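1. fold the following for me, if possible:
(one chain, ligands or ions: 1)
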Amino acid sequence: MRILKFKEKFSEGIISAKQFDREDIDYILKKAKEMIQIKNSNILQGKILATLFFEPSTRTRLSFESAMYRLGGNVIGFHSGDVSSIKKGESIADTIRTVENYSDCIVMRHNLEGAARMAAKFANVPIINAGSGSGEHPTQALLDLLTITEEVGSLDGFNIGIMGDLKYGRTVHSLSILLSNFDVNIYFISPKELRMRNRDKDFLRQRQVKYKEITKYRLILSVLDVLYMTRIQKERFIDLEEYEKVKDIYVFRKEDLDDTKNEFRLLHPLPRVSEISPKVDSSEKSLYFKQTFYGIPMRKALLAELMSDKS
Ligand code: NCD
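-> Residues are numbered from 1 along each chain as shown. Now for the predicted structure:
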């Protein structure tokens with residue numbers, strides 16, 4: 001019953017975290033938790049997933065592909081715009097109208113913020129937004145929530161720091177939207193130039209999310225349950241001199257862990273550049289490689305919900 005409802009509600013696909021209410025989040029977290037137990041199945045046998053990646057990716061593309069294979073399905077696609085007909089001048093719309101004939105669902109990453117939404121307009125199969133410019137990356141945020149709820153706790157009442165490039169980082173946009181469904185206090189930690197965009201803050205204010213914007217993290221480390229760090233998004237800067245000014249603004253070091261509570265956990269969507277010292281990796285408080293593990297059950301759950309014929 002609920003499977004049909006999810007499939008119906010998300011028939012266009014997963015474009016934005018704003019599509020999810022608390023019931024949808026709880027439902028997909030439950031399904032993803034079930035998927036942790038089911039390593040392989042044939043629930044998507046005969047189905048084809050297309051992965052169209054116009055921007056670099058390691059975790060997102062490979063985990064979607066691995067998830068699809070683990071559910072008995074097949075994958076087609078490309079991992080660079082240079083090898084598709086886009087290079088010859090073809091539009092996204094024409095590409096989508098073609099690939100939908102070859103697949104049951106399309107996962108797309110593109111440098112344009114509106115690309116996934118636009119693709120959904122032209123497709124008769126679900127589109128999954130695997131990152132659209134500086135806009136959103138909803139499935140990363142879902143796997144982040146899965147990591148937190150499995151490894152830290154139920155989220156409600158949590159103090160969560162979100163730190164780094166909050167202007168261009170698409171994962172933090174989707175994450176804060178999903179968090180607006182929970183009773184959390186958010187500390188947005190960034191240099192002034194890289195604060196959350198007004199449109200994202202307007203949304204959070206409308207949802208009455210409790211948040212503060214600060215530039216230094218050390219003073220609040222002791223109150224945090226979770227710190228979500230991000231990379232400064234070099235490729236989005238128009239002026240590389242501006243990037244140089246902020247690129248090393250935050251480096252989380254092993255000593256910083258001394259100021260955190262026992263339950264504190266550090267997350268990062270990866271790739272990391274220099275913002276977390278490798279010396280932090282071995283701490284049980286570091287969850288960023290566990291996040292890569294949780295990408296598989298979350299993506300298995302999403303693919304099964306969107307494509308499975310079973311109810
Ligand atoms: C992120 C992305 O592509 O937005 N990576 C990911 O999908 N895990 C984060 C980033 O590139 O900084």
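
2. check which element follows the helix or strand bottoming out on mean pLDDT in the chain along the chain.
-> None of the helices or strands of the chain scores lower by mean pLDDT, DSSP states H and E than helix 2-9, at a mean of 79. Remark: after helix 2-9, the chain's next helix or strand is strand 13-14, criterion DSSP states H and E.

3. which strands border that next one, and is each parallel or antiparallel?
-> strand 127-132 (parallel) (DSSP bridges).

4. any part of the strand it pairs with near the ligand?
-> Yes. Strand 127-132 reaches the ligand (C-beta under 6 Å from any ligand atom) through Gly131. Every C-beta, even on glycine, is put in place using the N, C-alpha and C of the backbone.

5. for that strand, buried residues please.
-> Buried residues in strand 127-132, counted by 16 or more other C-beta atoms under 10 Å: 127-132.

6. take the residues you listed and write them to CSV, including pLDDT.
-> Output for those, formatted as CSV (pLDDT from 0 to 100):
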residue, pLDDT
Ile127, 98
Ile128, 98
Asn129, 98
Ala130, 98
Gly131, 98
Ser132, 96
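
7. which two from the residues you listed end up farthest apart in space?
-> Ile127 and Gly131 (12.5 Å; C-beta to C-beta).

8. secondary structure class for Leu52?
-> strand (DSSP: H, G, I helix; E, B strand; the rest coil).

9. the ligand contacts on the stretch 1-150 of the chain?
-> Going by C-beta under 6 Å from any ligand atom, the residues of the stretch 1-150 of the chain near the ligand are 59-60, 131, 137, 140.

10. now these in CSV, with secondary structure?
-> CSV is the format used below for those (three-state DSSP):
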residue, secondary structure
Arg59, helix
Thr60, helix
Gly131, strand
His137, coil
Gln140, helix
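
11. so what's the residue lying closest to Val246 once chain neighbours are set aside up against?
-> What sits nearest to Val246 in space, not counting adjacent residues and going by C-beta to C-beta, 6 or more residues apart in numbering, is Pro191, at 5.1 Å. With contact taken as C-beta atoms under 8 Å, 6 or more residues apart in numbering, Pro191 is in contact with 215, 246, 249.
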